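Enquirer: Build the 3D model from these lines:
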Amino acid sequence: MEVESTTTTTTIVEGLHNPMLDLFYGQIQSEGISDGQHFLKVDSFGQYPLQVSGFRTIHDSLEAAMAPGEIVDASGSSCSRKGAQQEQWFTRLPPVIIFELSRFQFNQSTSRAEKVHAPFEFSETLFLDRYMEGNKERTRQCRELIKKLRQELMDLKRRLEKYVHYGEKQIPLQDILHSTLHFAESSVATTTAATGPGDSWEPMNVELSPESKAQIEGVHVQEFEPRPLSVTLEEIQVLRRCLHRWQLEVSTTVKDLQERIDKLKHTIDGMYNEDIFQRICYRLHSVLVHEGQASQGHYWAYIFSTERKTWLKFNDVQVTEAQWRELEKESFGGHHNASAYCLIYVDASRPDLLRGEHHDLLPDLSQVVALDNEKFVEEMENWDIGVQVGKLTGRNPTSEIVQDMRTIAREKETSLLALTNVKPTYPTDHATVAKGDSLKALRMVEEEIVADPVVALGKAVESEYHRLVQSASVFQQKLPVEDDRLLHFGFYLIVNDASKEVLEIVLYEHFKITIDETNKKFQLIQLAAYDLLEQKLKASIEKQCATEYQQWHEFYNHFRVCCSCFIKGADLFIKQRYMEALPYFCIGCDYNHVLHSGNKPMRSFHRELLLHFRRESLLKIHENAWRRFCESDDESAIEVLKELDEQCLPCQVVLQNSSDGLQDESCLELIRQKWCDFLGDEAMGKSKSASLQDFLSKLLDPPVSFRPEHAHKLEMIKTNLFESYCSVVRRLQERNLIPPAMFGRE
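Expert: Residues are numbered from 1 along each chain as shown. The predicted structure is shown next:
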């Protein structure tokens, strides 16, 4: 046997320890017969060429290149030596294998190079054990068996083809039999109706009179269907039995052939599933793609990121994430002018190859490089942001435009306020309530902002909407211990069935406030929000929804005032400072009455809670006053009545004029009755008695001008209303100050 060995590469590798050769070059052994002599030759290989034309998968092409066959010379032609054959085996595989796909061929008739667009499939995982020299005996056995199975498969397919495409017309045999039976049976009803058993049916020539023809001209004629002109029941019965039997035979045969074909395919596909063929695993790392024709085109690459665990598409200056489905569509070929021309596989047992290991730099140099990289990344991000700002403002993208985003935002705020009659502070105040939630929503789309801020903003708004809708489903179960309406204006609108237009405007409004001054991406979102808001507000004016938008802002402001009044009043109530608490409950009830009008319970604050503590505060004040009046001398008693006159009676007037039910009336009646009971005390001094009578006249018939302090004169809570509300309700519960019946809505 003649043995040749190409050792030049090995000498270079061993002598110079060239890491490139170690990484990308392997060895392949060729053995066969030439001129009647056996030969064995070992060569090194780098990029391994694979034919595409005529092959469906990478394994098909590899099998054709490695399996026994005619020796092919450098030009691609068969060797002229008669009977020259060879097979190839890998003896050593490199850590990184590069497969070069032959996507171009020379057309002899046109004398031009052409691109091969045929589909060529490859997988993310590639096992190469079957091509290794160490497995050649087992591989030869499998190849021989596959050859026999494929021959058997071809025979079965040819037999099946005879049934599926029968005769000259290439029609399925089952359909022919079925149609024949249908044709014969189509005249059974006619035959049995016109003749008796054993008689034959013959067509009749009937001449119609002009009158009969006129009568049937408008009659609907059923669709014509061919049927035998002459047939007997005995003939049909014989034919039916035969055709049914043949149909069954054909159906059974076709089914059996298909099952055998499927079984053979499964056997062939699983031939290399043995453990011996599942040890040397390579994973696809990169795919180089060409789009176009042989003379021109565009190139890009897919590279798998081990850090992100996803594919990245490198297309000119753009790097985007990609799914395997997209890679398949653009790389396999057969559909468009795009197809892969180079595949790079990496040894799966060598994860160290993709870790990006490097030698450490000196500390000072490392710091300089790190700072320079940070600056470069910032410059690239600023440029991308500047491009988007330019699109949103119609200005040229410059480095200065990024610094001017706050100024641009203020200008847009001014133009936005001109479109509505809403109090300028309302949108900002109400959006600030949900600033934390808006920030979370933006964090989820932060990586998409620079690419397209409008799309990223849309996703953030959509995620917030779905979150609020989900929360609304359990909203009433939490009342009155927690009230999620205090967390988000959008939530308040959802539970009150506000229009879609208003809700959409408010959700976008939540992203126009300054969420994070240090984050330029969020400033970009702010500009996008202004643009979209301007469009939607103009649309709302055209649809006459602007007034509704304004009303909802006022409603939500009133709702927050009610809540603030309750929190302050309840805190003072717990501290037994009832005289100070009463004005808060009275003002809260006033605002809440407006919100509750039209029986809108979700629009208003917890009505019964406010009314209950307004009554309780009034009773506690009078209870203290009754005790002090009885125990004090004339001068002190007069001071007690004066205090009630100045601070309590104005709030009591509101209670007296309210329409909030019998409980308020009963409370007032109790107060009046208690004070009237003092009139019969003969031991009371004249001055004390005179002051009491004067107080009773105001109590029983108070002046109309008596009103409690207005809300703007009281100290209000504007931030953290939800936490403050939950805290004060919990404190009231711990002291049993809330009746159990109030744990629910009216």
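
Enquirer: so where do the helices sit in the stretch 301-450 of the chain?
Expert: Using DSSP state H, counting those that start in this stretch, the helices of the stretch 301-450 of the chain run over 324-331, 363-393, 399-403, 405-417, 425-433, 435-444, 446-449.

Enquirer: hey, least reliable of those by pLDDT?
Expert: Looking at these, the lowest mean pLDDT belongs to helix 399-403 (a mean of 64).

Enquirer: about what we covered before: I'd like the helices of the stretch 301-450 of the chain as CSV, with distance to Gln663 appended.
Expert: For glycine as for every other residue, the C-beta is placed from the backbone atoms N, C-alpha and C. Converted to CSV, the helices of the stretch 301-450 of the chain look like this (distance: least, Cβ to Cβ, whole Å):
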stretch, distance to Gln663
helix 324-331, 67
helix 363-393, 57
helix 399-403, 62
helix 405-417, 44
helix 425-433, 33
helix 435-444, 38
helix 446-449, 53
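
Enquirer: which of these is buried the deepest?
Expert: helix 425-433 (a mean of 19; mean count of other Cβ atoms under 10 Å).

Enquirer: Tell me what angle that helix forms with helix 435-444.
Expert: Angle of helix 425-433 versus helix 435-444, following axes from the mean of the first three to the mean of the last three Cα atoms, to 10 degrees, is 60 degrees.

Enquirer: now helix 425-433: how far from the chain's centre is it?
Expert: 29 Å (Cα atoms, centre = their mean, to the nearest Å).

Enquirer: So which residues make contact with that helix?
Expert: 438, 486-489, 506, 509-513, 553-554, 556-557, 718, 721 (Cβ atoms under 8 Å, 6 or more residues apart in numbering).

Enquirer: Would you list the buried entries among those residues?
Expert: 438, 486-489, 506, 509-513, 553, 556-557, 721 (16 or more other Cβ atoms under 10 Å).

Enquirer: least confident pick among those?
Expert: Ile513 (82).

Enquirer: residues in contact with that residue?
Expert: 428, 431-432, 435, 438, 526.

Enquirer: gap between it and Thr428?
Expert: Ile513 sits 6 Å away from Thr428, going by Cβ to Cβ, to the nearest Å.

Enquirer: returning to what we had before: could you dump the contacts of Ile513 to a markdown table with distance to Glu639?
Expert: Converted to a markdown table, the contacts of Ile513 look like this (distance: Cβ to Cβ, whole Å):
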| residue | distance to Glu639 |
| --- | --- |
| Thr428 | 46 |
| Ala431 | 49 |
| Thr432 | 45 |
| Lys435 | 49 |
| Ser438 | 53 |
| Gln526 | 58 |
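
Enquirer: hmm, back to that, ok, the buried ones among the contacts of helix 425-433 vs Ser286, which is closest?
Expert: Within those, distances to Ser286 taken as Cβ to Cβ reach their minimum at Phe511, with 38.9 Å.

Enquirer: Of the helices of the stretch 301-450 of the chain, give the one that comes closest to Glu616.
Expert: Nearest of these (Cβ to Cβ): helix 425-433, 29.3 Å.

Enquirer: mind checking which helix or strand Leu641 is in?
Expert: Leu641 belongs to helix 634-643 when assigned by DSSP states H and E.

Enquirer: With Lys157 instead?
Expert: Following DSSP H and E, the helix or strand that holds Lys157 is helix 136-164.

Enquirer: Okay, buried residues for that helix please.
Expert: Buried, per 16+ other Cβ under 10 Å, within helix 136-164: 136, 139, 142-143, 146, 149, 153, 156, 160, 163-164.

Enquirer: Just say helix, strand or coil for Gln86.
Expert: Under DSSP: H, G, I helix; E, B strand; the rest coil, the three-state class of Gln86 is strand.

Enquirer: burial count for it?
Expert: Gln86 sits with 19 neighbouring residues when counted by other Cβ atoms under 10 Å.

Enquirer: now for the helices of the stretch 301-450 of the chain, which one comes closest to Gln652?
Expert: So among those, helix 425-433 is nearest, using Cβ to Cβ, at 32.7 Å.

Enquirer: any idea of the angle the closest one forms with helix 405-417?
Expert: Going by the same axes, to 10 degrees, helix 425-433 makes 130 degrees with helix 405-417.
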